[in-house]
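In: 3D model of this:
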Amino acid sequence: MVMNQLSVKRILACLEAFFTAASSICSCNGASGSARLMHCDYPRSLQARWRPAGIMSEVPSGLEVAMPEPRPVRPSSSLMLTRDGVEGVEVLLCRRVDELPAFAGYWSFPGGGVSRVDFSSAETLLGGMADRDLAANLVGMMRELVEELGWVIEDGSIENADSEARNNVLASKGGWLAEVESGRLPCDYAGLTTIGRRITPNFAPIRFDNRFLHFHAGSGEDVPEPNLGGQTEFDSHRWARPSQFLDEWRENTIKIPPPIITVLLELEELLPKYRQEISLTVKELSARGEEKPILFAHGVECIPVPTHTLPPASTTNTYLLGIGGDHIIVDAAARTAEGLAMISRAVERIRNSGGRVIGLLFTHRHLDHVGDIAELQKLGPFPVLASAETAEAIPCKVKTILADGDIISLPGTDATQEWRVLITPGHCPGHICLINDSGLVAGDMVAGIGTILIPPEEGNMEQYLEQLVRLAEMQPHLIFPSHGVVLPLPEKTFKHYIEHRRKRHQLVLEAVISGTTELSKISRFAYFDSPEAHPGLARQQTLSHLLSHARTGALEQRGDGWHTR
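Out: So this is what the prediction gives:
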């Protein structure tokens, strides 16, 4: 049976203030504690400019959601180890195990977080150093070198660490200082130099202020094999020229974190310039202070633009797709001077390198994905690409209406990048994903931070689950979400999302079967294991599940409650 449409209208009418679209810009008023409250109630003059009819806010109207403060930044360090190989300078990369919470399966520099223990050890050993943070970074890196690779630096060369001393360090971070003081481990940092510093943007759940250090180990014949036993970070290692690693990365056969990609790209440029002289290369590398692009994959640049979206996210990923020639900008979400400037700098960089932007593509019509188009067009003008549903909502002429299976071709300097259009409704009608060998531009199908909301007034839980299964079957190399960091294990991600949604779907049904009829009580039953969930958002998701069960004939709404048919 099909649910009575009058009942559906009654539900949605009762919740209109809760579910209708908010005005486009959300002011952040002060609130007690460290959080700010997002209120979606603004002057009509602003609504006319920022909130065209048809565009919906990700945060339901009338709902107060605590906006997160910028996440704290933790100190960390990474070590670029180089050696002289037969065909030129080689770099060491190690593969991170698949069980790690961040960058699982990626090839990375050794390194890690700088702990309070490292700061304490630095006070003891390097107390005379003026830069306390640098001292802790050096100590932390020497400790990590022992832990992760079983190496020490002594008299300008790499040596194997004493095995018993290393075991003590693996057992406790504090063991490193004790072993140094006993004389079994050296504390020789003379050859370590700083080559750069990167701070994780605010799109990540965990942020680091990472100092990149460098040590040149001399001839490859003099460097011992690392000892990966006993540690849980890496499962293999490789020495190769930067260009070799980059060729494999460009072919999507290996994964490398964005900050390390930019270092390798600069090495690829500078080493030939200085005829493989590493000291001159590193000198120029360390002097460069310009903004670095965030490259999730070859031809996939991420620009995390500040937006008023669903917490804990506070940014939307604008993607710049292309490999040196034609580019498109996906979800140019900028509505603030800061966000517009970020996109402007990227466009200028493309033009300065001989490329061009040939269009703006919007994955769907939600407010945290559609920026100030009038301001964005001042950087162009750019043709707009969107699905038919999105085209009806956004306040501009759409040149190209995209359909499922369409191919977007982007001729580059050396090759043509092609993206296949996927229409993936569920979160929003006409929602678009893009896929190619690099991975999946996923829009709001999955997230790298927070969760995905299925709005009852326009979403469809059955379609959403169907599309998740469809995307999982495509086995993308990586997932590029609209919120948060790149997702390295697509199969694992989709499995989690599908199982999670099906579990909630079943719990909602079981609540009604057991006699629970009120929306709020059904929601509490279904979200019993998530006490931290915002109650308003939990009720909204519960309603989406209830409407889905009604559409499939399992439940119906009668009077003020929900019942089995």
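
In: all contacts plus neighbour counts: C-alpha atoms, from now on.
Out: Noted.

In: can you give me the strands in the stretch 451-565 of the chain?
Out: 479-481, 555-558, 561-564 (DSSP state E, counting those that start in this stretch).

In: dump the ones you listed into a markdown table; add mean pLDDT and distance to residue 245 as well.
Out: Shown next, in a markdown table, are the strands of the stretch 451-565 of the chain (pLDDT from 0 to 100; distance: least, C-alpha to C-alpha, whole Å):
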| stretch | mean pLDDT | distance to residue 245 |
| --- | --- | --- |
| strand 479-481 | 99 | 21 |
| strand 555-558 | 96 | 55 |
| strand 561-564 | 96 | 58 |
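
In: could you identify which of these is most buried?
Out: strand 479-481 (a mean of 28; mean count of other C-alpha atoms under 10 Å).

In: list the contacts of it.
Out: 296, 317, 439-448, 486-490 (C-alpha atoms under 8 Å, 6 or more residues apart in numbering).

In: so which of those residues sit within helices?
Out: residue 490 (DSSP state H).

In: from residue 516, how far off is the residue nearest the centre of the chain?
Out: Centroid-nearest residue in the chain: residue 485, 0.9 Å away (criterion: C-alpha atoms, centre = their mean). From residue 485 across to residue 516, the span is 39 Å (C-alpha to C-alpha, to the nearest Å).

In: pretty sure residue 410 belongs to a strand, no?
Out: Yes - according to DSSP: H, G, I helix; E, B strand; the rest coil, residue 410 belongs to a strand.

In: that one: neighbour count?
Out: 21 (other C-alpha atoms under 10 Å).

In: from residue 419, how far off is it?
Out: In terms of C-alpha to C-alpha, residue 410 sits 8 Å off from residue 419.

In: do the same with residue 492
Out: Residue 492 is 23 Å from residue 419, by C-alpha to C-alpha.

In: the two - which one has more neighbours?
Out: Using other C-alpha under 10 Å as the criterion, residue 492 and residue 419 rank with residue 419 on top: 23 against 11.

In: CSV for the strands of the stretch 451-565 of the chain, including distance to residue 389?
Out: Below are these laid out as CSV (distance: least, C-alpha to C-alpha, whole Å):
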stretch, distance to residue 389
strand 479-481, 21
strand 555-558, 28
strand 561-564, 31
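
In: okay, and the helix or strand of the protein with the least pLDDT?
Out: Lowest by mean pLDDT, DSSP states H and E among the helices and strands of the chain is strand 36-39, with a mean of 25.

In: could you point out which element follows the helix or strand harbouring residue 181?
Out: For residue 181, the host element (DSSP states H and E) is helix 175-182. Downstream of helix 175-182, the next assigned helix or strand under DSSP H and E is strand 193-199.

In: tell me the average confidence for that next one?
Out: The average pLDDT within strand 193-199 is 95.

In: picking up where we left off before, buried residues in the helix holding residue 181?
Out: 175, 176, 177, 178, 179 (16 or more other C-alpha atoms under 10 Å).

In: in TSV, list those along with pLDDT.
Out: Below are those laid out as TSV (pLDDT from 0 to 100):
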residue	pLDDT
175	96
176	97
177	97
178	97
179	98
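
In: can you tell me which of the residues you listed is closest to residue 401?
Out: residue 176 (61.1 Å; C-alpha to C-alpha).

In: beta partners of residue 441?
Out: Counting by DSSP bridges, residue 441 is bridged to residue 434, residue 480.

In: report the contact partners of it.
Out: 433, 434, 435, 479, 480, 481, 482.

In: ok, the residues you listed vs residue 202, which is closest?
Out: residue 482 (13.4 Å).

In: out of the strands of the stretch 451-565 of the chain, nearest to residue 283?
Out: strand 479-481 (33.9 Å).

In: tell me the contacts of residue 203?
Out: 304, 313, 314, 315, 316, 449, 483, 484, 485.

In: a markdown table for those residues, including pLDDT?
Out: As requested, the contacts of residue 203 are exported to a markdown table (pLDDT from 0 to 100):
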| residue | pLDDT |
| --- | --- |
| 304 | 98 |
| 313 | 92 |
| 314 | 93 |
| 315 | 96 |
| 316 | 98 |
| 449 | 93 |
| 483 | 97 |
| 484 | 96 |
| 485 | 96 |
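
In: make a PyMOL selection of the buried ones in those.
Out: To isolate the buried members of the contacts of residue 203 in PyMOL, using 16+ other C-alpha under 10 Å:
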select buried, resi 304+313+314+315+316+449+483+484+485
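
In: okay if I get the contacts of residue 203 as TSV plus distance to residue 286?
Out: Shown next, in TSV, are the contacts of residue 203 (distance: C-alpha to C-alpha, whole Å):
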residue	distance to residue 286
304	25
313	32
314	31
315	29
316	30
449	32
483	31
484	28
485	26
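
In: what is the burial count for the closest residue to residue 538 other than its chain neighbours?
Out: Of all residues not flanking residue 538 in the chain, residue 523 sits nearest, at 6.2 Å (C-alpha to C-alpha, 6 or more residues apart in numbering). By the criterion of other C-alpha under 10 Å, residue 523 has 25 neighbours.
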